[in-house]
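Peer 1: Fold the following.
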Amino acid sequence: MKITGSGPSAGTSQRRRVSNGTGGGFAGQVGVRAPGPAGLAPAPPLAALGGVLSVQEVDDPTAERRRATRHGHSLLDELRALQLALVDGQVPEGILRRLAVLVDGLRPSATDARLGAVLDAIELRAAVELAKLRRDAE
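Peer 2: Model (predicted):
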């Protein structure tokens, strides 16, 4: 017994699609290369990554100045709120806590000597006001 028809149908023709390299086909087609390890860019050395990270760690002098200025403004705002509360005859605990946190907290470093002197004066004034209010509370 002879078996026929196990291959492609007798009436169909096989076509091969040829790509012009613009994409839109399968990687197995003629003229198209499949991306492989040879097409990948080599990994950058770790030293380059370390350089980028070290640059990010260096603080910008203008950013330090902005942080120090913001700290001073925060202290002045709390002192102003305390002043208004004292005029009204009150001493709100929230203002005292925020003021104490600002005075006791880590102060941003100011490379500018004049800015540092202004921050010193503001912090001294805040510390004096806190000490007076604590003394009166006892």
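
Peer 1: Tell me which residues of the host helix or strand of residue 64 come out buried.
Peer 2: Applying DSSP states H and E as the criterion places residue 64 in helix 61-87. Across helix 61-87, burial judged by 16 or more other C-beta atoms under 10 Å covers 64, 65, 68, 69, 71, 72, 74, 75, 78, 79, 82. Backbone N, C-alpha and C define where each C-beta goes, glycine included.

Peer 1: tell me the mean pLDDT for it?
Peer 2: Mean per-residue pLDDT for helix 61-87: 90.

Peer 1: what are the phi and psi angles of residue 88?
Peer 2: With angles defined as degrees, to the nearest 10, residue 88 sits at phi -80, psi -10.

Peer 1: ok, back up a step: now render the buried residues of helix 61-87 as a markdown table, adding distance to residue 130.
Peer 2: Formatted as a markdown table, these follow (distance: C-beta to C-beta, whole Å):
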| residue | distance to residue 130 |
| --- | --- |
| 64 | 26 |
| 65 | 26 |
| 68 | 21 |
| 69 | 22 |
| 71 | 16 |
| 72 | 17 |
| 74 | 15 |
| 75 | 11 |
| 78 | 10 |
| 79 | 10 |
| 82 | 9 |
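
Peer 1: Understood, closing this out.
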